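Asks: Based on what follows, work out the 3D shape:
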Amino acid sequence: MVESLLAKGCAPTTDIVSFLTQLAVFLGNIRYAAELQVRLYNSILDVTVEEAERSTLLHNLGGAYGSLGDHAKKRDLLERAWLIKERYYGADHVDVAATLDNFGSAYGSLGDNAKKRDLLERAWLIRERY
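Replies: Numbers count the residues shown, from 1 in each chain. Sure, this is the predicted structure:
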């Protein structure tokens, strides 16, 4: 079903992605849920122009790649999301902190614990202000 919608050029909404992902997890297929997220978020990303929504999609897509074990791709997508969020919301926004947390986690998974610590500290400082 999902494949036929994508083949017809239909871009799902983030709510549909969330529902289908939760269904796949409920059915016990976590890997399929992450693969589904990658396919669907990419299809939405192709038609999204609004900056805040684009940054959220990149953030979520990075998480899906991380779930699949591709931490370099996760890092790259989260960096793109972070740069957009900083430009859109400002460097001290709580949404920036959320992306910095995940960005730091990606660096940790890649073995760069110094960078991980730096990013997590930055996120913590932002959250401390809220």
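
Asks: list the helices and strands the longest helix belonging to the chain packs on?
Replies: Of all the segments assigned as helix in the chain under DSSP state H, the longest by residue count is helix 71-89. If you count contacts as 3 or more Cβ pairs under 8 Å, 6 or more residues apart in numbering; DSSP states H and E, helix 71-89 packs onto helix 51-67, helix 94-109. C-beta: built from backbone N, CA, C; applies to glycine.

Asks: quick one, it and helix 94-109 angle?
Replies: Taking axes from the mean of the first three to the mean of the last three Cα atoms, to 10 degrees, one finds helix 71-89 and helix 94-109 inclined to each other by 160 degrees.

Asks: which other residues reach helix 71-89?
Replies: 51-52, 54-56, 58-59, 61-63, 65-66, 93, 95-96, 99-100, 102-103, 106-107, 109-110 (Cβ atoms under 8 Å, 6 or more residues apart in numbering).

Asks: From those, keep the buried residues only.
Replies: The neighbour count (16 or more other Cβ atoms under 10 Å) marks 54-56, 58-59, 61-63, 65-66, 93, 95-96, 99-100, 102-103, 106-107, 109 as buried among those.

Asks: Give me the contact list for whichever strand or helix holds residue 41.
Replies: For residue 41, the host element (DSSP states H and E) is helix 30-45. Helix 30-45 has contacts (Cβ under 8 Å, 6+ apart) with 2, 6, 11-14, 16-17, 20-22, 24-25, 54, 57-58, 60-61, 63-65, 67-68.

Asks: Which among these count as buried?
Replies: The neighbour count (16+ other Cβ under 10 Å) marks 12, 17, 20-21, 24, 54, 57-58, 60-61, 63-65, 67-68 as buried among the contacts of helix 30-45.

Asks: Good, we can wrap up now.
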